[in-house]
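> I would like the atomic coordinates for the input below:
(chains A, B, C and D)
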There are 2 protein chains.
Amino acid sequence: MNAIDITRIRRFHRTVTREAGVLDQSFLGRGRPLGAARVLNAIGRGMSDVAVIRDYLGLDSGLMSRLLRGLETEGLLATTPNPGDARRRIAALTPAGQAEFEAYEDLSNERAQQLLDHHPDTDALLAAMDLIASALGQQAIAFEEVDPRDPRAIWCLEQYFGELARRFETGFDVHLSKDPEAATMIAPRGAFFIALSDGLPVGCCGLKGHGHWGEVKRLWVAPSTRGMKLATRFMDRIETAACALGHDTLRLDTNSQLPEAVALYHRLGWTEIDRFNDDPYPDVFFEKRL
Amino acid sequence: MNAIDITRIRRFHRTVTREAGVLDQSFLGRGRPLGAARVLNAIGRGMSDVAVIRDYLGLDSGLMSRLLRGLETEGLLATTPNPGDARRRIAALTPAGQAEFEAYEDLSNERAQQLLDHHPDTDALLAAMDLIASALGQQAIAFEEVDPRDPRAIWCLEQYFGELARRFETGFDVHLSKDPEAATMIAPRGAFFIALSDGLPVGCCGLKGHGHWGEVKRLWVAPSTRGMKLATRFMDRIETAACALGHDTLRLDTNSQLPEAVALYHRLGWTEIDRFNDDPYPDVFFEKRL
DNA sequence: TCATTTAGCTGACAAAAGTCAGATAGCACA
DNA sequence: TGTGCTATCTGACTTTTGTCAGCTAAATGA
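Just a heads-up that it's a prediction; the model follows:
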């Protein structure tokens, strides 16, 4: 046990706890106790089942009930029985509740923006936050099939291209590469997946159709989530999607300057094949029969 | 305002808030309300003036008084009037209080250790935490003159040598460099300073005496605190210390592979001079008359 | 069908946290 | 020396949070 490392974590913990306290204080400014504000926020963030909210916030069922009743008489939410199980209730925000929720959101966002504004190197700060949130949060990573023109998909692709530019000795220019039209990575010809950790995109992968075979494109995993076998899970998804689209073979190209990618494909049972396109960047080519 | 960057900060904030809540829960396990535990911890961590603690924890004076009284009847602390101003009181832990404080410390340390144990890349995690704590915490950085054999000084030096090894194309071996004996950086011949941010060492700088001139050695600033003019403040300290030791000139050596260091010395009014030692690593030499 | 379990609600408390108006004693400065 | 200010303490609150037993209505399963 390294004493200074423990000091470092403890210092981090203290500053961050203080920061959380400041935000709580600002929440209090809206004239509602913190408990009620938290329930409102949980619902606003998409939780609707009362039991789920209660569990998430760690509240006693009696207390929860009273908080809900309070917000209800404020006109901020309405509860209805769950159609599948009438003992359970689902809570939904009224328009007034939605407005109030957004006011809380604005407070949080403002605070976040302040942090960004006051830091000289926001990229490093954000990367550090991602790393810590991934390390601390044991939350499951969810996959979602999206249109590659979805803003979250575009953000992933920007990160991906930025990383290629940094890692390739010769740099990387998207336009010189055979940039697949976004449309080729949409059903029924292809597919595009992103991975979300608590709402934040942390990876992407595309599948482009070429008749009976499919091509894997744009596999990227955020630095903060590497080592969590996300790439493997993406490849599983892609194989499943390719089968569903009727492909019998998958191909992909990559570069020997990305040794972890090359190692991954070998590990997952891909075989190296000859060059199958004239894209200037790749120098290693793989194939896998499904 | 970048929506995804805000998402990243908010996600970080949520996970970290949950983490803080977990620790609070474990504090509750010692059968004392959180408020009292916080007061005990503040005193244990070195705060003694009641007003200072109250201000730090943001407590009402009445509430603070009652919490102190509670801990006093538990036999954990004793308060005495401040000798300089008898209206103020200072609180100090009794042996029982110290033991109880340490029990809380153990809980925190255990939690920190768990985090370290469960992460594949602890260096990156800790660096990220330092960065965030420095960005968030506006706390003043305190300087302390210490013996260079103090464990905190040694830790700084390890970081410093590690960084040189990474940055010098040829690597860096302390033993090949003219390693000043620690004893030459202690009064009355020299001095050694460290900078502390909330207890964590974030920089160091040494002064070695050579008769009428002094030599600046081992200036290092933690990556997490760069851009905060810490190096400039170190050099101020060193100049003051050198004057006090009766030196009329300061010299130092550095390397052109550390351009930010070279730029710093130019900016602070140093002049480049000829080589004044036969250390294999430096290739740039500076002098400043006091 | 009927006992059992489950989700949520209610009433009755209790503990914790926060607020506020004096009271007291010491300090500071004219 | 007196007046005003300060730090702390005390008593008398309120609000917020947490707990618990008992209730109802719905689901579950023999």
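> so what are the domain limits for chain A?
Taking automatic domain parsing as the criterion, chain A consists of the domains A:3-118, A:140-289.
> got the residues of chain A near DNA strand C?
Proximity of chain A to DNA strand C, by CB under 7 Å from any atom of the strand, involves residues A:49-51, A:54, A:61-62, A:64-66, A:68-69, A:79, A:85, A:87-89. Any C-beta I mention is one placed from the backbone N, CA and C, and that applies to glycine too.
> Farthest-apart pair in those residues, please.
A:66 and A:85 (22.3 Å; CB to CB).
> Give me the more crowded residue out of the two.
Taking neighbours as other CB atoms under 10 Å in any protein chain shown, residue A:66 and residue A:85 compare with residue A:66 leading, 14 against 9.
> Point me to the helix or strand that includes that one.
Secondary-structure element containing residue A:66, defined by DSSP states H and E: helix A:61-73.
> circling back to that earlier point, lowest-confidence stretch among the domains of chain A?
Lowest mean pLDDT within these: domain A:140-289, a mean of 86.
> now check that one, is it near chain B?
Yes - for domain A:140-289 and chain B, the contact criterion (CB under 8 Å from any CB of the partner chain) is met by A:151, A:152, A:155, A:197, A:198, A:199, A:200, A:201, A:227.
> quick one, strands of the stretch 101-250 of chain A?
For the stretch 101-250 of chain A, the strands defined by DSSP state E, counting those that start in this stretch occupy A:141-145, A:191-197, A:200-210, A:213-221, A:249-254.
> where's residue A:113 relative to residue A:69, distance?
35 Å (CB to CB, to the nearest Å).
> For the two, indicate the residue with more neighbours.
residue A:113 (15 against 11).
> I'd guessed the more buried one sits against residue B:10; true?
No - between residue A:113 and residue B:10 there is no contact, the gap being 10.8 Å when judged by CB atoms under 8 Å.
> For those two, list the residues in contact with both.
Common neighbours of residue A:113 and residue B:10, using CB atoms under 8 Å, 6 or more residues apart in numbering or on different chains, do not exist here.
> mind checking the end-to-end distance for stretch A:51-64?
The first and final residues of stretch A:51-64 sit 9 Å from each other (CA to CA, to the nearest Å).
> Establish whether it and DNA strand D are in contact.
Yes - using CB under 7 Å from any atom of the strand, we find that stretch A:51-64 touches DNA strand D at A:59, A:60, A:61, A:62, A:63.
> Now do that stretch: everything it contacts.
The set of residues external to stretch A:51-64 that reach it, using CB under 8 Å, 6+ apart, is A:35, A:38, A:39, A:42, A:43, A:47, A:50, A:67, A:88, A:91, B:21.
> In it, which residues are buried?
For stretch A:51-64, the neighbour count (16 or more other CB atoms under 10 Å in any protein chain shown) marks A:53, A:54, A:57, A:59, A:64 as buried.
> helix, strand or coil for the second one?
Following DSSP: H, G, I helix; E, B strand; the rest coil, we place residue A:54 in the helix state.
> and the residue of the stretch 101-250 of chain A nearest DNA strand C?
Nearest residue of the stretch 101-250 of chain A to DNA strand C: residue A:107, at 18.1 Å (CB to the nearest atom of the strand).
> any idea which element the residue nearest to that residue when sequence neighbours are not counted lies in?
Distance criterion CB to CB, 6 or more residues apart in numbering or on different chains; nearest residue to residue A:107, sequence neighbours excluded, is residue A:26 at 5.3 Å. Counting by DSSP H and E, the element that carries residue A:26 is helix A:3-28.
> Quick one: distance of the helix or strand following that helix to the chain centre.
The C-terminal neighbour of helix A:3-28 among helices and strands, as given by DSSP H and E, is helix A:34-44. Centre-to-centre, helix A:34-44 and its host chain are 23 Å apart (CA atoms, centre = their mean, to the nearest Å).
> Check stretch A:247-260 too.
Remark: stretch A:247-260 is offset 24 Å from the chain centroid, using CA atoms, centre = their mean.
> ok, now stretch A:16-32?
So, by CA atoms, centre = their mean, the centroid of stretch A:16-32 is 26 Å from its chain's centroid.
> What lies in contact with it?
Contact with stretch A:16-32 is made by A:34, A:37, A:40, A:100, A:103-104, A:107-108, A:111, B:13, B:16-17, B:20, B:58, B:132-133, B:136-137, as judged by CB under 8 Å, 6+ apart.
> List only those of the residues you listed flagged as buried.
Buried among these (16+ other CB under 10 Å): A:37, A:40, A:100, A:104, A:107-108, A:111, B:13, B:16-17, B:20, B:132-133, B:136-137.
> Tell me which two of those residues sit farthest apart.
Pairwise over the buried ones among the contacts of stretch A:16-32, using CB to CB, the maximum falls at A:100 and B:133, 32.9 Å.
> Tabulate the strands of the stretch 101-250 of chain A (CSV), appending distance to residue B:2 and mean neighbour count.
Formatted as CSV, these follow (distance: least, CB to CB, whole Å; neighbours: other CB atoms under 10 Å in any protein chain shown):
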stretch, distance to residue B:2, mean neighbour count
strand A:141-145, 21, 14
strand A:191-197, 17, 24
strand A:200-210, 13, 24
strand A:213-221, 19, 22
strand A:249-254, 30, 20
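> can you redo these as a markdown table with distance to DNA strand D?
Below are these laid out as a markdown table (distance: least, CB to the nearest atom of the strand, whole Å):
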| stretch | distance to DNA strand D |
| --- | --- |
| strand A:141-145 | 26 |
| strand A:191-197 | 27 |
| strand A:200-210 | 28 |
| strand A:213-221 | 38 |
| strand A:249-254 | 42 |
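> Could you dump those into TSV with distance to residue B:128 added?
Compiled in TSV, those are given as follows (distance: least, CB to CB, whole Å):
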stretch	distance to residue B:128
strand A:141-145	19
strand A:191-197	16
strand A:200-210	15
strand A:213-221	17
strand A:249-254	29
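> wait, which of the ones you listed is closest to residue A:242?
Within the strands of the stretch 101-250 of chain A, the stretch nearest residue A:242 is strand A:213-221; the backing value is 4.4 Å (CB to CB).
> Strand A:200-210 and that closest one, what's the angle between them?
Interaxial angle of strand A:213-221 relative to strand A:200-210 (axes from the mean of the first three to the mean of the last three CA atoms, to 10 degrees): 160 degrees.
> got the CA coordinates for strand A:213-221 in CSV?
Below are the C-alpha coordinates for strand A:213-221, written out as CSV (Å, rounded to 0.1, in the frame of the first residue of the first chain):
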residue,chain,number,x,y,z
TRP,A,213,-19.9,-10.0,-48.2
GLY,A,214,-19.8,-7.3,-45.6
GLU,A,215,-16.9,-5.0,-44.6
VAL,A,216,-16.2,-3.9,-41.1
LYS,A,217,-15.4,-0.2,-40.9
ARG,A,218,-14.6,2.4,-38.2
LEU,A,219,-14.1,0.2,-35.2
TRP,A,220,-13.2,2.7,-32.4
VAL,A,221,-13.2,2.3,-28.6
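> who does that strand touch, helix- and strand-wise?
If you count contacts as 3 or more CB pairs under 8 Å, 6 or more residues apart in numbering or on different chains; DSSP states H and E, strand A:213-221 packs onto helix A:151-167, strand A:200-210, helix A:230-244, strand A:249-254.
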